[in-house]
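Enquirer: return a 3D structure for these sequence lines:
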Amino acid sequence: MQSFRTELENPLVEKDIIDLERKIRMFREGKIHEEKFRSLRLARGVYGQRQQGVQMIRIKLPYGKMTLKQWKRIADISDEYSTGNLHFTTRQDVQIHFVSLDKAPELWAKLEQDNITLREACGNTVRNITGSPTSGIDPNEPFDITPYVHATFEYFLRNPVCQEMGRKFKMSFSNTDDDTALSYMHDLGFIPKIKDGVRGFKVMLGGGLGAQPQLAHLAYEFIEEDAIIPFIEAVLRVFDRYGERNSRHKARLKFLIAKIGFEAFMELVEEEKLSLKVKTYKINTEKSEPEAGIDSAISTKDSVEFQNWFKTNAFAQKQTGYYGVFVRVPLGNISSTVSRSLIEKLEGLVADDVRVTVNQGLLLRFVKAENLVAVFDILSEHNLAAPGANSIVNITACPGTDTCNLAISDSTSISLELEKVMKEDFPELIEENNMQIKISGCMNACGQHSMAHIGFHGSSLKSAGKVLPALQVLLGGGTTGNGGGRIADKVIKVPSKRGPQLLRTVLNDYEANGLEGEYFNDYYDRQGEKYFYALLKPLADLTTLVDTDFVDWGRDEIFQTEIGVGECASVIIDLVATLFYESEEKIEWAKEAFNESRYADAIYYAYQSQVNTAKALLLDKNINCSTQHGIISEFDKHFESEFGGNIKEQILQINKNEPSKDFAVDYISTSEEFLKQAMTVRETLKSTLEVA
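Expert: Reported below is the predicted structural model:
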């Protein structure tokens, strides 16, 4: 377990991994509360599974990019520590499952040898920042957004402002108005624009999916490129201070905006600007890429298979002579053996820059025209040359009840059944890129069902005292472009085993009654939700159930709901002693940051220490505030005699001062004294209670 300590070149990463190893040991010894430990491991990509005693490891790939060497490293790691399977996610991550908790630090260390991180892949952090996979090669993009996504990833990784928020925070960068990174469903979404020759972004704010989906608000039609990182930091600071922390289901940014209003939120963001680490942030947009090719004849085959594949899965890049190639990966699952074979055979034929896509596939880049047949043949050899990579026939699905605690019913096996329906009954839709089918195992929308044209999420129904697996059917969602989107309507719930029949019914009706050239959502709007409810109601009839309806797809046993504890975000433990311990730890981090001249980081750690200290004393009086701002506001009311009624003003100096060296010195000292005084007050309170 010690080997990684001498192999890692980055001391910050090494310290992080050693700390995880130490905290695992303390947890095993009963020295860290389970909920607090959950918070820590989630922020390091270690996520509990449906199966007890093993973990899912989420590997964070910014905008889905991995080199061939990184891909091989992940495949080798999956063989050594997992099951030999790699799962690509809708957030362009890679997940491996069934990993021992005690092996997580060692696994992480080996990944970091090729600059692959687990940090902040889960938990109450800035999650993986997604980006259009065609960035840098798309003929229609105003400019390449890749450097901007990467700079944002690097700036906020381990940034103290976003390590222990009330809930997760998701961002995306699209590269054209087609909005393929889905800005409208993110906490922050960016779309590139050029105004008067200046690069910038349209900014969408406060979107989200889950059980209560919300379309994002327009924050800016245009913000200059150097202002985006300061703006993001200001938003995160407001979310950290005012966001809900007690009720997990109300803790996303969309709920905070709904509570206080969009204008009030933006005013709070404006108030943070003085205290930001940087007022502008210049992003290095210089990059290297293969030299532009020469015009060359496309190497083709006469086979129908190649023609269909080329027509639906390949596109001409903006670099002359090169093509991008989408790879359809069934359910996002690919074995380590297949991965290594592909890497070996594709090397030299594709760029050393493979992108995981938001529909759980891959994009191979910079394929020369004359090499298209060779790439097709290699993919065919591995059963990965199916056409329709971005069409309705390629169904997106989360892992569901295979591994997830929150899933209610199957989402993977039924996806394969629905793909069979598409292949057998609707082969002409192989080129239909304007419709998407998406499935989640529960209402939390990891499969993004609520923004699909045809969406399903796992559920259950009761009949004659028995429970059967069900699908909630949603229709009419999707991307409208340039920051716009549609949330699908919940239309009806049907037994899961009737899913294929339902899909046939919907598509046959659209085919029979849709107008010439009419898009599905236009057809849905014209007919209306009630029309589709009536159309599908016979499939919801529970009087005609058969025994197999009580067995979920891909299972042999009778269905029963087994929902575990969700880990999409951690619960903050409210034990007074733990909070004081954390306050001390944050002061130490503040001093370390100060000694490295990271004054803004030092100040934020000191701020967090003071909030934790105030929270600890309030909890001692059974006062549980749901936001940091609530803690700050309530403290003086209950401890005026002990602290003079000025703690709120003291703590909120953070956003009334520039992050200078002098202010950092004073603020760290103040937080240290506040902690000492608070611990003394607590001992006095305890003594009083014991005497009483």
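Enquirer: which residues in the stretch 1-150 of the chain form helices?
Expert: For the stretch 1-150 of the chain, the helices defined by DSSP state H, counting those that start in this stretch cover 4-7, 11-28, 34-42, 68-81, 104-112, 146-156.
Enquirer: please read the previous query as pertaining to the stretch 501-650 of the chain.
Expert: 520-527, 529-536, 576-595, 599-620, 628-638, 640-643, 647-651.
Enquirer: now the stretch 201-350 of the chain
Expert: Using DSSP H, counting those that start in this stretch, helices in the stretch 201-350 of the chain cover 228-242, 253-260, 262-271, 304-313, 336-346.
Enquirer: out of these, which is closest to Asn595?
Expert: Of all the helices of the stretch 201-350 of the chain, it is helix 228-242 that lies closest to Asn595, at 22.3 Å by C-beta to C-beta. Quick note: C-beta positions are derived from backbone N, CA and C, even for glycine.
Enquirer: rounded mean pLDDT for that closest one, please.
Expert: Helix 228-242 shows a mean pLDDT of 97.
Enquirer: single out the most deeply packed of the helices of the stretch 201-350 of the chain.
Expert: Across those, averaging neighbours per residue (mean count of other C-beta atoms under 10 Å) puts helix 228-242 on top, at a mean of 23.
Enquirer: can I get it as PDB, trimmed to CA atoms?
Expert: Below are the C-alpha coordinates for helix 228-242, written out as PDB (Å, rounded to 0.1, in the frame of the first residue of the first chain):
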ATOM      1  CA  ILE A 228     -16.300  33.200 -17.200                       C
ATOM      2  CA  ILE A 229     -14.100  31.700 -14.400                       C
ATOM      3  CA  PRO A 230     -14.600  34.700 -12.000                       C
ATOM      4  CA  PHE A 231     -18.300  34.500 -12.700                       C
ATOM      5  CA  ILE A 232     -18.400  30.700 -12.000                       C
ATOM      6  CA  GLU A 233     -16.500  31.300  -8.700                       C
ATOM      7  CA  ALA A 234     -18.900  34.000  -7.600                       C
ATOM      8  CA  VAL A 235     -21.900  31.700  -8.300                       C
ATOM      9  CA  LEU A 236     -20.300  28.800  -6.400                       C
ATOM     10  CA  ARG A 237     -19.600  31.100  -3.400                       C
ATOM     11  CA  VAL A 238     -23.200  32.200  -3.300                       C
ATOM     12  CA  PHE A 239     -24.400  28.600  -3.600                       C
ATOM     13  CA  ASP A 240     -22.100  27.500  -0.900                       C
ATOM     14  CA  ARG A 241     -23.300  30.100   1.500                       C
ATOM     15  CA  TYR A 242     -27.000  30.200   0.800                       C
END
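Enquirer: any low-confidence regions in the chain?
Expert: Low-confidence segments of the chain, defined by pLDDT under 70: 1-7, 288-296, 562-575, 685-692.
Enquirer: domain assignment for it?
Expert: Using automatic domain parsing, the domain parsing of the chain gives 4-112, 130-275, 304-381, 396-550, 576-691.
Enquirer: what residues of stretch 484-492 count as buried?
Expert: Within stretch 484-492, the residues scored as buried using 16 or more other C-beta atoms under 10 Å are Gly484, Gly485, Arg486, Ile487, Ala488, Asp489, Lys490, Val491, Ile492.
Enquirer: ends of it, what's the gap?
Expert: Distance across stretch 484-492, first residue to last, is 25 Å (C-alpha to C-alpha, to the nearest Å).
Enquirer: quick one: contacts of that stretch?
Expert: Residues outside stretch 484-492 that contact it (C-beta atoms under 8 Å, 6 or more residues apart in numbering) are 179, 182, 184-185, 207, 213-215, 449-453, 455, 472-480, 521, 529, 532-533, 536-537, 539-540.
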